[in-house]
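Undergrad: predicted model and sequence follow; I will ask about them next.
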Amino acid sequence: SAVISQKPSRDICQRGTSLTIQCQVDSQVTMMFWYRQQPGQSLTLIATANQGSEATYESGFVIDKFPISRPNLTFSTLTVSNMSPEDSSIYLCSVASGRAVGEQFFGPGTRLTVL
Amino acid sequence: RKEVEQDPGPFNVPEGATVAFNCTYSNSASQSFFWYRQDCRKEPKLLMSVYSSGNEDGRFTAQLNRASQYISLLIRDSKLSDSATYLCVVRMNYGGSQGNLIFGKGTKLSVKP
């Protein structure tokens, strides 16, 4: 299975600021995914990040708010811009296992609190 | 109507008990189905895929009823280590080879000694 690390593991930020979350995978992967898990809610896909092309955003998420970079096949960043308390959530990156459709390995998550 | 609905629980059961979780999904075009497990303050991990014919993995049995758009997970002989939140996940048939995974909110299970 892929080993995924995320930085930072948690942060407390002031409203109006931005935070960039890093996701590192120990092997090359084609697709990386960014999810949000708000308190008491289900995981929601924000976008799919492919290397060499723009990320594909899900309904309700826009590039200006959640810009994503994917400079190579093992790394991606998600920026949460102009934060508000509603952005307080856990942000997780994931990759497809390559073993079975629908199986994804998740990073440990970044717990963000916006004051 | 939510796309994937689960009873949030919590289900509090004694060790050795059998417990069943149910899940319904709203989109009949859903293609694949899974149960993920999420421990407290941890990331989700795939528990098992759910096949039309039903499938079993040790103490865990998953069933799918496409006509009723209903998925179940049965855990027999519950262990303390089974305590976790169980996420029902549905894969839609768009978004490339991985599709789009739609997660339920999860059902919390607590197994007591």
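TA: It's in.
Undergrad: and the residue in chain A that chain B sits nearest to, what's its pLDDT?
TA: Among all residues of chain A, residue A:106 sits closest to chain B, at 3.7 Å; criterion: C-beta to the nearest C-beta. Where you see a C-beta, it was placed from the backbone N, CA and C, and this is true even at glycine. Listed pLDDT for residue A:106 reads 94.
Undergrad: need phi/psi at the nearest residue to it once chain neighbours are set aside.
TA: Using C-beta to C-beta, 6 or more residues apart in numbering or on different chains and skipping residues adjacent in sequence, the residue nearest residue A:106 is residue B:43, 3.7 Å away. The phi and psi torsions at residue B:43 (degrees, to the nearest 10) take the values phi -80, psi 160.
Undergrad: where are the low-confidence patches of the chain?
TA: Unless you meant another one, I'm taking chain A. Segments of chain A classed as low confidence (criterion: pLDDT under 70) are A:101.
Undergrad: correction: the question concerned chain B.
TA: In the predicted model of chain B, residues B:1, B:93-99 satisfy pLDDT under 70.
Undergrad: need the phi and psi values for residue B:82.
TA: Dihedral angles for residue B:82 - degrees, to the nearest 10 - are phi -80, psi -10.
Undergrad: follow-up on the earlier one: thought the residue nearest to residue A:106 was touching residue A:110?
TA: No - the pair residue B:43 and residue A:110 does not pass the contact test of C-beta atoms under 8 Å, sitting 10.9 Å apart.
Undergrad: who's residue B:109 bridged to?
TA: Under the criterion DSSP bridges, residue B:109 forms beta bridges with residue B:11, residue B:84.
Undergrad: so how far is residue B:47 from it?
TA: 12 Å (C-beta to C-beta, to the nearest Å).
Undergrad: overlap in contacts, the two.
TA: In terms of C-beta atoms under 8 Å, 6 or more residues apart in numbering or on different chains, residue B:109 and residue B:47 are both contacted by the residues residue B:86.
Undergrad: contacting residues around the residue nearest the centre of chain A?
TA: For chain A, residue A:34 is the residue whose C-alpha lies nearest the centre (C-alpha atoms, centre = their mean; 3.2 Å). Under the criterion of C-beta under 8 Å, 6+ apart, the contact list for residue A:34 reads A:23, A:45-49, A:66, A:68, A:76, A:78, A:91-93.
Undergrad: could you list which of those also contact chain B?
TA: Among the contacts of residue A:34, the ones lying close to chain B by the criterion of C-beta under 8 Å from any C-beta of the partner chain are A:45, A:48, A:92.
Undergrad: most neighbours among the residues you listed, which one?
TA: Comparing these by number of neighbours (other C-beta atoms under 10 Å in any protein chain shown), residue A:92 comes first, having 25 neighbours.
Undergrad: check which helix or strand that one maps to.
TA: Under the assignment given by DSSP states H and E, the secondary-structure element containing residue A:92 is strand A:89-96.
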